[in-house]
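> here's my sequence, what's the structure:
(one chain, ligands or ions: 1)
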Amino acid sequence: MNLKTYFAAAVLASVISTNAQPAKVTVDVAHPAHPISPTLWGIFFEDINMSTDGGIYPEMVRNRSFEDAGTLENWKFASTSGASEASISSADVHGQPAPLNPFNRNSLRVKADGAFTLQNEGYWGMNFVKGDGYTFKVAARGDRFAGKLTVRLLSNAGEELASGEISGIGNRWNSHALRLTPKSSDARGKLEISGDGSGTLFLDMVSLMPETTWKDHGLRVDLAKSLDGLHPKFMRFPGGCWVEGDDFAHMNHWKNTVGDIDVRMPLLNIWGYNATQGMGLYEYLQLSEDLGAEPLFCINVGMSHKETVPLDRMSQWVQDALDVVEYANGPTNSTWGAMRAAAGHPAPFNLKYMEIGNENGGPDYLERWPLLVDAIRARYPYIQCIANSDLHGRLGPKGPLPSIVDEHYYESPEAFMRRADQYDRYSRTGPKIFVGEYAVTKKCGLGNLRAAIGEAAFMAGMERNSDVVVMASYAPLLVNLNHRAWNPDLINFDSSRWYGLPSYYVQQMFSENRGDVELPVQVETPFLRLAPSNGMIGVGTWNTKAEFKDIKVTAPDGTALFTSDFSSSADGWKKLGGGDWSVKDGALQENAEKEFVRALAGDKAWTDCTLTLKARKMGGREGFLILFHIKEDEDRIWWNIGGWGNTQDAIESGSGAIDSQPSRIESNRWYDLKIQIAGAHVKCYLDGQLVHDVDYESSAGIKAIHACAARDEKSGDLIVKVVNASAEPLETTIELAGAQNLSGTGQATVLTSGNGMDENSIDEPMKVSPKTEAVKFTGGSVRRSFPGNSFTVLRLRAN
Ligand code: AHR
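The predicted model follows:
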C-alpha cells in the first residue's frame, strides 16, 4: 500500500484504537537534508506575570522607591506612640522636599514623634534561607532627626530571624547598608524597619537582596537555572506587549532601564503591576550572555496598542534603535558603549538580532519599518532585522525585505498538530522564519500534557524545516503563581520554588537533542478522530464601522435556531474586543473602527447550520467578519470579507487565510451574506454568488504520529523524535533506511502520563516529566509502542 492510499484508508476509518494499524517512520539515514539551525530553540523573556520584579530579579522589597503610588503601597506603617505619621513625599518643580535624585522624586516621609515601625512583605513573602547573607540598603536623610533605625528580618509569624542597626542619618541623602543572616528559614518572611525619636525622616531605595545570585550577576539562582536548563540559543526580550505599551507613556523604553538603579524610573507595566526596571537592558544582555544565548532585542516601532507616532516625529524612535546597538556593541569611548562599560561590561555583547515592533502590522507598520531598518542597516549592516508578520495571515514588509519574519501562534493542541506540516510548504527563497511566540493556550488547563504534545508535534515540523524556521521560542516563559496575567506559562514559581509545565520538558528534550543535520522522514500513520466542529455565530469588524441585520440561523432540517431582534437592544449578544455597539433602525451597528471587534450569539453546541444576514459597511479600512463555530472568546474562525485593507475575501481559521481571493467591499451598500456549514465544510455566498467552498480544517485531519530525525555529528547518534498525538498507544516501526541493517544500543527519553489532562504543580512538580530507558535495535529498525499522548526522543548509536 503506498503512502497516499494508506492515508486515505486511515481517514475513512478515522478512529484511533489499540487495534489501529501500526505506524511507520522511515528515516533516510543516507541522505541528510540540511543543517539544523544552530539558533533553532531559544526563549522569549517578557516582563509579564511578575517574571522580573517578584521573580528572577530578586529585590525582596516591594515599592522600594515609593514611586508606585501616592500612598504607602505595599508598606505597613504603625506608630507605637500614636503620634508619628508616614506619607509619600513628592518633590515639586523646585525640587522640594529634596528628592534622592531628579529621576526619583518620591520618598517616604516619617514625621516621628516616638516609636514607629514599617513593614514590607515583598512579593507575597520574602524567602529567607538560614545562614544565607542578605544585603539591606537604604538611602536616608533627616530633618532634625537624631534617632537610629533597627532593621529586622522577621518570619511570617513575626519571630526575629536577624537584625541590625543604622545610625548616623544626616540631613543630606546618604546610603547605608547592612548584612543580615537569618537564624532560620522562612519562605514567607518580611522586613521591618523601626525607629524612635523626633524630627522628620526621609527614606528611599529600601532594598533587600540575597547575596548569592546566579553567576554573581544579580539574578535569582533557581529561576536562572530553570532557564539554563532549557539551553536556549537565543533570548528575545523584553516583550511582547510590554514593548508596545497600551500607550507611549507606558511602553518599555530601554533608555529608562539603564544606569544606576536609583535613576531608573519605575513604570506601570501593561501586565498590571509596577516594574522597578531593576531588570533593564544591561541585565537582559548579561543574562543572554550567561545562558550562552544570542540576545534578540525587540524595540518599539512607533506604535503602541492605542497610538501611532506621526511619521515626521519618528526620528527619536530611529535614534533609540541606533543607540541600543551602540549600548550593546559600541566601543567604550562611545556615549552608550561607555555606559555599558561603566555598568561592568566593557566588551561588546555582540547583539546581532533586532526585532522591529511586536505584533504590529498594517499600513502604519509598513511605513515605519523602513525608517528603522534603513537606518540600522546603514550603520550596522551585520544586524539581522526581524519583521512582525503573519499573525493570522497578515503580510510582512516587502521593502526593505526583512532578514527574518516573526510569526506568533496561540491555539488549541489540535490546531498545533494541524500546523505540524505547514513549513513543508514555505518558500525556500524568502526571508527566514522566527516563531517568536507560540503555546497551546486552549483546552490546556494550567498547562497540561496534551498541550505539550500539541507543541511537540509543531516543533517536530519546525525542526524538519529548520532550513526555513531558524528560531522559535515558547511564550510566555515565567509566572509568579500570585500574579498570573496569562495562561499557561512555561515556568511557574513562588518565592522559593518553581516547576515546569510538561511543555517545559518538551522544550528541553528538543533543545538537548537538536542534532546537527536533519534526516528526511516519511511517516505512515493513522489519523485522529475529530470531534464534530461546533460553536456560536457572530459578526465583527476590523478597523471598520459596519452594521448588520436580519441575522438568521437555521438547522439542516429547516428548523429556525435563531432570529435576531435589534428593534430595541442587542441584549443576548456577547460583545468582545471593546467595540462601540448600538442598535439603530433594526440593525446592529459597530462604530469603533478597532481591530478584532466582534459580537457573538447562539449556542456553542451548534454544529451544522445555515447563517444568513445583511451587512453594510459605513466607513473605515476593511469590510465584515462573519464568525462561526466559535467555542472560545478568542477563536478566530470567520469569513473575512474585505480583509487585508479591503483587498481580499477569505475564510480564516486560527491557522490563517484558507481560501482567499481578491475582493472589495463598497461602503453604504447592503450585502446579502449566507454561510452553509456542514462539519468543517463551509460554503459562502455573497449576494447569491458562491465565493468559498472549502474545508476550514484540513481535510486530511490530524496525523496521530509526527516525527523528525537528525544526526549528531560529534557523537554520530541518530536522533529520532516521535510524537503520538492520539490518546492510545501506537505500535510503530522506526525504519533506518539507506544504511545496511544497522544495529546497536541507545536511549529513549519519554514524556507521557496516564491522562492527557495531567499537569505538574508546585506540590507535584515532576508528575509529568521525562523518564529514560535503554533501547536495543537490530536489523535497521526499532519497533516500539509509543504511549498515547507521548513525546519520545530516541538516541540511537550503531555498533
Ligand atoms: O506572550 C504574551 C503576549 O502575547 C505577548 O506580550 C504578545 O506579544 C502576545 O500577544
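
> in contact with the residue in the stretch 201-350 of the chain positioned nearest to the ligand, which residues are there?
Closest to the ligand within the stretch 201-350 of the chain is G240: 2.9 Å, counting by C-beta to the nearest ligand atom. All C-beta spots, glycine's among them, are computed from the backbone N, C-alpha and C. By C-beta atoms under 8 Å, 6 or more residues apart in numbering, the contact set of G240 is 44, 46-48, 298, 358, 437, 475-476.

> the longest helix belonging to the chain close to the ligand?
What stands out as the longest helix in the chain, according to DSSP state H, is helix 362-379. No: counting by C-beta under 6 Å from any ligand atom, no contacts exist between helix 362-379 and the ligand, the nearest distance being 13.9 Å.

> listing partners with orientation, what would you give for the next helix-or-strand element following that helix?
Sequence-wise, the next helix or strand downstream of helix 362-379 (DSSP states H and E) is strand 384-388. Paired strands of strand 384-388, with direction, are strand 353-356 (parallel), strand 404-411 (parallel) (DSSP bridges).

> what does the first one rub up against?
This points to strand 353-356. 234, 236, 294-299, 301, 321, 324-325, 369, 372-373, 376, 383-388, 404, 406, 434, 436.

> check whether it contacts the ligand.
No: shown here: strand 353-356 not in contact with the ligand (C-beta under 6 Å from any ligand atom), separated by at least 10.4 Å.

> and among the strands paired with strand 384-388, the most buried is which?
For the strands paired with strand 384-388, average neighbour numbers computed from mean count of other C-beta atoms under 10 Å are highest in strand 353-356, which has a mean of 24.

> mind saving the C-alpha coords of that one as CSV?
Only the C-alpha atoms of strand 353-356 are listed here, as CSV (Å, rounded to 0.1, in the frame of the first residue of the first chain):
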residue,chain,number,x,y,z
TYR,A,353,19.3,40.4,16.1
MET,A,354,16.7,43.2,16.4
GLU,A,355,13.0,42.8,16.1
ILE,A,356,11.3,45.9,14.9
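
> so where does the closest residue to Q522 other than its chain neighbours fall, helix or strand?
Using C-beta to C-beta, 6 or more residues apart in numbering and skipping the chain neighbours, the partner closest in space to Q522 is T26 (4.4 Å). Using DSSP H and E, the element containing T26 is strand 23-28.

> ok, now I453?
Secondary structure assignment for I453, by DSSP H and E: helix 449-464.

> show me what that helix is packed against.
helix 413-418, strand 432-440, strand 469-474, helix 502-512, strand 705-711, strand 718-724, strand 744-751, strand 790-798 (3 or more C-beta pairs under 8 Å, 6 or more residues apart in numbering; DSSP states H and E).

> so what does the fourth one touch, helix or strand wise?
The contact analysis (3+ C-beta pairs under 8 Å, 6+ apart) places helix 502-512 against strand 41-44, helix 449-464, strand 744-751, strand 790-798.

> what does the chain put close to the ligand?
Counting by C-beta under 6 Å from any ligand atom, the residues of the chain near the ligand are 46, 48, 239-241, 358-359, 437, 475-476, 486.

> redo that, cut-off 8 Å
The chain comes close to the ligand at residues 44, 46, 48, 239-244, 270-271, 358-359, 408, 410, 436-437, 439, 475-476, 486, as judged by C-beta under 8 Å from any ligand atom.

> low-scoring stretches of the stretch 401-550 of the chain, by residue?
Along the stretch 401-550 of the chain, segments meeting pLDDT under 70 span 530-531.

> let's go with 90 and repeat that
411-412, 414-415, 418, 425, 427, 430, 442-443, 527-534 (pLDDT under 90).

> now the helix or strand containing D693: buried residues?
Using DSSP H and E, the element containing D693 is strand 689-695. Of the residues in strand 689-695, 691-692, 695 count as buried by neighbour count, 16 or more other C-beta atoms under 10 Å.

> include mean neighbour count when you put the helices and strands packed on helix 502-512 into a markdown table, please.
Below are those laid out as a markdown table (neighbours: other C-beta atoms under 10 Å):
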| stretch | mean neighbour count |
| --- | --- |
| strand 41-44 | 28 |
| helix 449-464 | 28 |
| strand 744-751 | 18 |
| strand 790-798 | 23 |
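
> how about the ones you listed in CSV, adding distance to N668?
Output for the helices and strands packed on helix 502-512, formatted as CSV (distance: least, C-beta to C-beta, whole Å):
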stretch, distance to N668
strand 41-44, 44
helix 449-464, 44
strand 744-751, 57
strand 790-798, 54
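
> right, and D222 touches Y499 too?
No: if you go by C-beta atoms under 8 Å, D222 and Y499 don't touch, sitting 10.7 Å apart.

> coming back round to it: and of the contacts of G240, the nearest to N513?
Set against N513, the nearest of the contacts of G240 by C-beta to C-beta is F44 (20.9 Å).

> so who does the nearest residue to the closest one once chain neighbours are set aside touch?
Nearest non-adjacent residue to F44, counting by C-beta to C-beta, 6+ apart: S473, 4.0 Å away. Each residue near S473 by C-beta under 8 Å, 6+ apart is listed here: 41-44, 232, 234, 236, 435-438.

> ok, A710 next?
36, 463, 513-519, 718-719.

> can you rerun that using 7 Å?
Contacts for A710 (C-beta atoms under 7 Å, 6 or more residues apart in numbering) come out as 36, 514-519, 719.

> any of those buried? List them.
36, 514-515, 518-519, 719.

> sitting in strands, which of the residues you listed do you find?
518-519, 719 (DSSP state E).

> which among those residues gets closest to K545?
E518 (49.2 Å).

> measure the closest one to the ligand for me?
To the ligand, E518 is 28 Å away according to C-beta to the nearest ligand atom, to the nearest Å.

> for that residue, which residues make a bridge with it?
Counting by DSSP bridges, E518 forms beta bridges with A710.

> residues contacting it?
With contact taken as C-beta under 7 Å, 6+ apart, E518 is in contact with 32-34, 36, 463-464, 466, 710.

> closest one of those residues to A739?
Nearest to A739 among the contacts of E518 is P32, at 12.0 Å by C-beta to C-beta.

> so the closest one sits in a helix?
No: per DSSP: H, G, I helix; E, B strand; the rest coil, P32 lies outside any helix segment and is coil.

> show the pLDDT at it.
P32 is assigned a pLDDT of 96 by the prediction.

> so who does the closest residue to it other than its chain neighbours touch?
Distances taken as C-beta to C-beta, 6+ apart place V517 nearest to P32, at 4.4 Å, with adjacent residues excluded. For V517, the contacting residues are 32, 35-36, 710-711, 713, by C-beta under 7 Å, 6+ apart.

> kindly recompute the last result at 10 Å.
32-36, 709-713 (C-beta atoms under 10 Å, 6 or more residues apart in numbering).

> separation between it and L794?
In this view, V517 and L794 are 16 Å apart by C-beta to C-beta, to the nearest Å.

> so what's K24 bridging to?
Applying DSSP bridges, one finds that K24 bridges with E524, T733.

> just checking, it touches E524?
Yes: using C-beta atoms under 10 Å, K24 makes contact with E524 at a distance of 4.4 Å.
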